[in-house]
Every structure is written in structure tokens, then in C-alpha cells.
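Engineer: only geometry, no sequence info:
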DNA sequence: TCTTACACCTT
DNA sequence: CAAGGTGTAAG
């Protein structure tokens, strides 16, 4: 086992990226990495692939497996800091999106380190290695093996060096180590140093703690961080988890945090929740006001045309819940006809498309107080719903048809 | 299956 | 404020 700084003549290989001629070459019994200072690591083909789990157990919720939040090796301990989120995803079968330009992982790998030599310098490197040797497809709500894994082009196998690397053990231990900058891509021509993966293949991240300039590599692998690489989300539950946990996806959330609306949704088993009716008496609670019902019972409701949002909408709605307002209502209530998006040609052109897009499991936030037609979308309770919206006579009807056979 | 333009959001 | 991270619909 040795580690040395060297100008690696094999680097770059075809298809790899080189931003510095100087490379860190590391070899151990189980790992052999070539790592530039610019976050690129090449791993020779001989690198053994770790397979944390048998192919058939991916995302198997029946499996009561113990996912250690902490791993220890040679006195060094690594805590998977966001273990609980990883576990939630794992139970559904974690999926990570690959894009041409590179996509961040969510969840990403976040560790807390202890037991390092405070004065020793370390580099921290994340590699993402194939897990198992199969290719998969999403079929009837589960993953199934469709064949052998695609060959992993040696020159394209990379890893990602943490942007603090290298630094002292004490520095690593004094802060969380997050690989949020790491990006995944399916572009084999990628020139940005992103991790290149194959869609529909399983992978698992590994943390390498590399003492520099010399010392034994320590590799830590948390089985709950295993994931399927995809270009489009396959499992709806994963999409929902992403939306609910990733701050950047907040725009797609319905108010999942509102206990009252959640409770009503559960009790009524409505996919859509109506706005709240005005209480008959002051001390009465707001109650759902259901004006229509879909044949399948999946449905619906509407705000009466004449009622203003101020009086008909429940307090939580007024407090910033997502509220969808019909385009007609928007243009009517808008105070400026020139600066209003709804009146601009471009906006009108796109309006229908936008409504359709945003009608799916979310609403538009209503920022003006007086909405004459408002609908509150509930947290999505059932997955495979297709919304249709029609604005008729000032009443907004929203119905969902279920793709699932009853 | 994968790519793209996009509204909406965080940072 | 501008840059850039989200899932989505459409193709």
C-alpha cells in the first residue's frame, strides 16, 4: 500500500478530464485511485465493486435491516449525519436523477468524523461504485432485473474529492463533511468532473479517508445510501420524498406541514380539499365545503363565485397556504392591467400550459387577498392521479381521474 | 427513454 | 440581487 504525489503519465485517459497535471496516486489492497487536485478520480477496472445488498432486496420495505448510522475502522468513526432521511428514501428505493449538465444528489452524503489524528492531513474522496451487476427497469411499481449491467468504461470512472481536501484532521472533525457539490451525469463526454453513471443501474457511495502524504486509505460504505440512477423518477413515492425534503423543490409542495389540513384529508379521503366554508357562527370551526363530487369519489370542490377569500378561506389558507386561483379570477382581481402577468401576451400564451403543470399536486400561492375562486390542493394522498381543470361560469371545477383501477 | 424549456424556489 | 437547484410537461 502506498500513496504518492506523482505526475501520472496515464492521465488523462480517453474521456477523462484533466485540469492539473499533478495527480495523487493511491493504491491499497482494495482500492486504487488516481486523483487530481481538481476533484477527479480515476479508478482502474480492477477495483472491486462493493455490493451492499443482493439485487433483489433493493428498496424492499419488508426487510428489517439494521442500517448503522456509524461505522468504525482503525479507530476512525464516521457518522452518517442524515441517516434518517437516507433510510426513508432507501425504504422506497432511492433514485437519483442523472442529467447531461450534472445533477446534485438528494439526499447527499453528509458525515461527521471522529478519531482522526488532529494534526494529520487528510483528503476526503467520495466514489460511487456499481452495486451489483445488473440493469433494471421499473415495471408495475417495482424494480426488476432486465439483464447484465452495462460495461463501465474504465476511463470514465471517477470520484469526487471534497472541496476542503486536503486539510487537517482537526478541521475535518470540527465540521460536518457534506458532499452537496457532487453532481451526477449520464454524459460520458462530461468535461466538468461530474460522476458519470449509467441510468437504470444501482450504485453506492463510498467515503475514502486518505491520509496525506502517506498512510492507509480507510473506506466507509453505508448500505442505506445505495440508489438507482435514473433520468426520470420512476417511483412516485420517491418524487414525493424529494419534494418534501429538498428545499429546492419547495415550489412543488402542497402544504404537507399543516396538521389540520392533513387530518381533514385523511378523514375525508379527498384528493383535493375544498376551501373552508365560512362558519355560521363565530366560534364554530371551519369545515370543508364540498360543492361537487366526482363519480369515483376522488374529487373536488369549489369556491362560490361571490364569496371573497377573506371570508371564505380558512385561517391557514390566509396564512400562506398554497391557493390556486383561476386565470379569470386573477385577471379580474389584478389591479394593474399592464403589469399583470395574466394580461401580458406571453403569459396568456403560456397560461393553460402553466395551469396544467402546476395543477398537479400543488397550487399557486395567492398573494392578493381577494380571490373569488380558490381551491386548496391537498397533500397528495394517492399517487397516480391525473387532474383536469375547467373554469366554468366563475366556478372552478377540479376533478381527478385515477389511473388506478378500483 | 431521454432531453429540454420553464416557473418557482433557495442561496 | 443574480445565480443556480428543483420537478414537470411536452416532445
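Structural biologist: Everything's here; your move. Only a predicted model underlies this, so the values are computations on that prediction, with no experimental measurement involved.
Engineer: so where's chain A shaky on pLDDT?
Structural biologist: For chain A, the stretches flagged by pLDDT under 70 are A:1-66, A:255-406.
Engineer: Could you chop chain A up by domain?
Structural biologist: A:2-247, A:254-402 (automatic domain parsing).
Engineer: And the strands in the stretch 1-150 of chain A, which stretches?
Structural biologist: A:2-7, A:22-27, A:32-36, A:41-42, A:70-73, A:76-80, A:95-97, A:103-104, A:110-114, A:121-139, A:142-148 (DSSP state E, counting those that start in this stretch).
Engineer: Only the buried residues of the last one, if you could.
Structural biologist: It refers to strand A:142-148. residue A:143 (16 or more other Cβ atoms under 10 Å). Every residue, glycine included, has its C-beta placed from N, CA and C.
Engineer: Can you name the residue of the stretch 251-400 of chain A nearest DNA strand B?
Structural biologist: Across the stretch 251-400 of chain A, the shortest distance to DNA strand B (Cβ to the nearest atom of the strand) belongs to residue A:251, at 3.3 Å.
Engineer: What parts of the stretch 151-300 of chain A come near DNA strand B?
Structural biologist: Residues of the stretch 151-300 of chain A lying close to DNA strand B (Cβ under 7 Å from any atom of the strand) are A:186-187, A:199-200, A:230-232, A:234, A:247-248, A:250-251.
Engineer: Nearest to residue A:110 among those?
Structural biologist: Nearest to residue A:110 among these: residue A:247, at 14.2 Å, using Cβ to Cβ.
Engineer: ok, now how distant is the closest one from residue A:92?
Structural biologist: As judged by Cβ to Cβ, to the nearest Å, residue A:247 and residue A:92 stand 20 Å apart.
Engineer: Looking at the two, which is more packed in?
Structural biologist: Neighbours were counted for residue A:247 and for residue A:92 using other Cβ atoms under 10 Å; residue A:92 has more, 16 against 7.
Engineer: still on that earlier bit, can you report how many residues lie near the residue of the stretch 251-400 of chain A closest to DNA strand B?
Structural biologist: As a measure of burial, residue A:251 has 10 neighbours, counting by other Cβ under 10 Å.
Engineer: give me phi/psi at it?
Structural biologist: phi -60, psi -20 (degrees, to the nearest 10).
Engineer: got the angle between the host helix or strand of residue A:203 and strand A:76-80?
Structural biologist: Taking DSSP states H and E as the criterion, residue A:203 maps to strand A:201-212. Angle, strand A:201-212 to strand A:76-80, by axes from the mean of the first three to the mean of the last three Cα atoms, to 10 degrees: 140 degrees.
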